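Chemist: Attaching a predicted model along with its sequence, questions to come.
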Amino acid sequence: MGYIDEHKDRRGVEPICKVLQVAPTTYYAAKMRPPSARPLRDADTTAVIKKVHAENYGVY
C-alpha cells in the first residue's frame, strides 16, 4: 500500500494496481480497514522505549 500511496498522484491507483496485479478494490478496502492490534501495540511499545531512552540520557 505504501508504494501505491507514494505514486498514486502521478500515475493513478488503477494503473499501478494493474502492473502489480492487485485489484483496485483490494487497495481501497485495505485503506478503509482500521489498523490491526499489532501496529497499535507496536506504536505504544515504541513510545515507551523512546521515553525510557530519553530518561536514560539517550544512551543504550
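Modeler: On my side now, so go ahead.

Chemist: alpha carbons only for contacts and neighbour counts from here, please
Modeler: Noted.

Chemist: Distance check, residue 41 against residue 55.
Modeler: 21 Å (CA to CA, to the nearest Å).

Chemist: Extract the residue ranges of this protein that are flagged as low pLDDT.
Modeler: Within the chain, no stretch falls below the threshold (pLDDT under 70).

Chemist: Touching the single longest helix found in it from outside, list them.
Modeler: Taking DSSP state H as the criterion, the chain has its longest helix at helix 37-55. For helix 37-55, the surrounding residues in contact (CA atoms under 8 Å, 6 or more residues apart in numbering) are 59-60.

Chemist: Only the buried residues of it, if you could.
Modeler: Buried residues in helix 37-55, counted by 16 or more other CA atoms under 10 Å: none are found.

Chemist: CA-only coordinates of it, as CSV, when you get a sec.
Modeler: C-alpha atoms of helix 37-55 as CSV (Å, rounded to 0.1, in the frame of the first residue of the first chain):
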residue,chain,number,x,y,z
ALA,A,37,-3.9,-4.8,17.1
ARG,A,38,-0.2,-5.4,16.2
PRO,A,39,0.6,-1.9,14.7
LEU,A,40,-1.3,-0.3,17.6
ARG,A,41,0.6,-2.3,20.2
ASP,A,42,3.9,-1.6,18.3
ALA,A,43,3.2,2.2,18.5
ASP,A,44,2.6,2.0,22.2
THR,A,45,5.7,0.0,22.8
THR,A,46,7.8,2.4,20.7
ALA,A,47,6.5,5.3,22.7
VAL,A,48,7.6,3.6,26.0
ILE,A,49,11.0,2.7,24.6
LYS,A,50,11.6,6.3,23.4
LYS,A,51,10.6,7.6,26.9
VAL,A,52,12.9,5.2,28.7
HIS,A,53,15.7,6.0,26.3
ALA,A,54,15.3,9.8,26.8
GLU,A,55,15.1,9.3,30.6
